[in-house]
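In: model the structure of this input:
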Amino acid sequence: MRLSSGLQAGDLVVAGQGVGEPTPLLRALLDDPAPVDLFVGLSHSDVLRGPVPAPVRLVSFGALGPLRDHDVEVLPVHFLDLPRQLRHRPRNRLVLLVQVSPPDADGRHRFSAAVDHTAELVDDADVIVAEVNDALPTTIGPTLDPARIDEAVATSRPLPTVPRAEPTDVARAIAAHAAALVGDGAALQLGLGAVPQLMGEALADRTGLRVRSTLVGDWLLALDPAETVLSEAAGSPELYAHVAAHARMVGVPEVNTPVDGLVAVNSALEVDLSGAVNAEATARGYVGGIGGQADFLRAAQRSPGGLAVVILPATAERGRRSRIVPTLHAGTVTTPRSCVDVVVTEHGVADLRGRGLRERARALAAIAAPHHRDTLGQEAA
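Out: Sure thing, here's the model as predicted:
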């Protein structure tokens, strides 16, 4: 397949991410490369696992999944701010590659189980190339006018199945501590991974829960929420069917707003002794991204009865390196200390609300791995 609309030097090509990735369109671009910037996000396919032809320069908001094996130009921006930032990047045209369902009864396409920055960029795009996939579930959410599509490619392929992460004893302990912070009636924001899955199972007995999350996994199936508002689902066919029947799909700006009782739970690579978070880089290089972490944590703080929670294992490298650290790696601050209420490791909960810097340091040292506490305690003194 070749993109008949043609790409031009200096184009910024922005592809849908996650389960909304238009994989055949990406593959066609890489098979017939042009000197363009290709903006991609999280990918569940293998299309980016091989070499990327030299004329194509990869750009992303992070280095997630297969992007860790490539030379990526990372834009250090919040996920909420991506559309605004991307409008400033093209040296020529803005080209969108999207995946949508066939026209509905009103003659409009739907973004199905993934509503990301591409949906917000439709009005700004110079060219829109759409994979029209007749196997997509029909969801309640944003639509695309067929008149805006410059080229359509018909496909029939199921959404990718994203397997559940294998739980560990550390994940179970973190999930138990974090779930205890979520009461009846809370609005829950979680992502993907073993801890969110375990938390979903632990929260099955809560009443009146609501879900407001950019991304959900199969943990949603363990709950019976009164309301489900999200931007993307990634998991099993059962999850996609559930989302089509019960969820409302919205853009990131809408899901990322304060609501009563919002409990936002986000993961980290490191937390320093003041509560600042690094979710981006390690000594191995750039491996994460800013994403929506700071935005959700701040939204939770601005929500009546809300709570901004950061979770992480206490150690890395089989216990040799503490993830509670005096100073973040290379000074990488994904989320400032002012946006964090609670930090959770397998060793407990550090509640930072109302605590000064010395008090925070002592609380965080206390949930570090026991064999690292003395060193951290000296830093906290």
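
In: verify the stated contact: Thr228 with Leu220.
Out: Yes. Using Cβ atoms under 8 Å, Thr228 is in contact with Leu220, at 7.0 Å. Placement of C-beta: from N, CA and C, glycine included.

In: quick one: which of these two has more around it?
Out: Taking other Cβ atoms under 10 Å, Thr228 and Leu220 do not tie; Leu220 has more neighbours (26 against 22).

In: low-confidence ranges, this structure, go.
Out: Along the chain, the model assigns pLDDT under 70 to residues 1-2, 4-5, 381.

In: hmm, back to that, need the overlap of contacts for Thr228 and Leu220.
Out: Common neighbours of Thr228 and Leu220 (criterion: Cβ atoms under 8 Å, 6 or more residues apart in numbering): Val211, Val243.

In: tell me which stretches of the stretch 1-150 of the chain form strands.
Out: 12-15, 37-39, 57-60, 73-74, 94-100, 109-110, 127-133, 143-144 (DSSP state E, counting those that start in this stretch).

In: ugh, wrong one, the stretch 151-300 of the chain
Out: 151-155, 187-189, 210-216, 227-233, 248-249, 262-267, 270-272, 277-278, 281-282, 285-286.

In: format those as a markdown table; extra columns: distance to Ile367.
Out: Formatted as a markdown table, the strands of the stretch 151-300 of the chain follow (distance: least, Cβ to Cβ, whole Å):
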| stretch | distance to Ile367 |
| --- | --- |
| strand 151-155 | 48 |
| strand 187-189 | 22 |
| strand 210-216 | 25 |
| strand 227-233 | 30 |
| strand 248-249 | 36 |
| strand 262-267 | 15 |
| strand 270-272 | 9 |
| strand 277-278 | 14 |
| strand 281-282 | 20 |
| strand 285-286 | 27 |
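
In: looking at those strands, which one is packed in the most?
Out: By mean neighbour count, with neighbours taken as mean count of other Cβ atoms under 10 Å, strand 187-189 ranks first of the strands of the stretch 151-300 of the chain at a mean of 27.

In: that strand - which strands sit beside it in the sheet, and in what orientation?
Out: With DSSP bridges as the test, strand 187-189 is paired with strand 210-216 (parallel), strand 262-267 (parallel).

In: where's the longest one relative to the chain centroid, distance-wise?
Out: So that's strand 210-216. With Cα atoms, centre = their mean, to the nearest Å as the basis, strand 210-216 stands 11 Å off its chain's centre.

In: contacts for that strand next, please.
Out: Strand 210-216 is contacted from outside by 18, 79, 185-192, 220, 223, 225-235, 239, 243, 252, 255-256, 259, 261-262, 292, 296, using Cβ under 8 Å, 6+ apart.

In: again, only this time at 6 Å
Out: Here strand 210-216 makes contact (Cβ atoms under 6 Å, 6 or more residues apart in numbering) with 187-191, 225-233, 252, 255, 292.

In: output that strand as CSV, restricted to C-alpha atoms.
Out: What follows is strand 210-216, C-alpha atoms only, in CSV (Å, rounded to 0.1, in the frame of the first residue of the first chain):
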residue,chain,number,x,y,z
ARG,A,210,-16.8,6.7,39.1
VAL,A,211,-14.0,6.3,36.5
ARG,A,212,-12.4,9.3,34.9
SER,A,213,-9.2,8.3,33.2
THR,A,214,-7.2,9.0,30.1
LEU,A,215,-6.4,5.3,29.8
VAL,A,216,-8.1,2.2,31.3
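
In: got the angle for that strand vs strand 227-233?
Out: Interaxial angle, strand 210-216 versus strand 227-233 (axes from the mean of the first three to the mean of the last three Cα atoms, to 10 degrees): 0 degrees.

In: so what's Ala316 up against?
Out: Arg323.

In: would you check how far apart it and Ile324 are?
Out: Distance check for Ala316 against Ile324: by Cβ to Cβ, to the nearest Å, it reads 11 Å.

In: can you check Gly20 too?
Out: As defined by Cβ to Cβ, Gly20 lies at a distance of 36 Å from Ile324.

In: of the strands of the stretch 151-300 of the chain, which is nearest Pro51?
Out: Ranking the strands of the stretch 151-300 of the chain by proximity to Pro51 (Cβ to Cβ) places strand 285-286 first, at 18.3 Å.

In: other SSEs contacting the closest one?
Out: Using 3 or more Cβ pairs under 6 Å, 6 or more residues apart in numbering; DSSP states H and E as the contact test, no helix or strand touches strand 285-286.

In: that one: how far from the chain's middle?
Out: What separates the centre of strand 285-286 from the centre of its chain is 17 Å, taken as Cα atoms, centre = their mean.

In: how about stretch 225-234?
Out: The chain centre lies 14 Å from the centre of stretch 225-234; the measure is Cα atoms, centre = their mean.

In: tell me which residues are up against that stretch.
Out: Stretch 225-234 has contacts (Cβ under 6 Å, 6+ apart) with 18-19, 113-115, 162, 208-216, 239, 243, 246-248, 250, 252, 255.

In: if we go to 7 Å?
Out: Residues outside stretch 225-234 that contact it (Cβ atoms under 7 Å, 6 or more residues apart in numbering) are 18-20, 44, 113-116, 162, 192, 208-217, 220, 239-240, 243, 246-252, 255.
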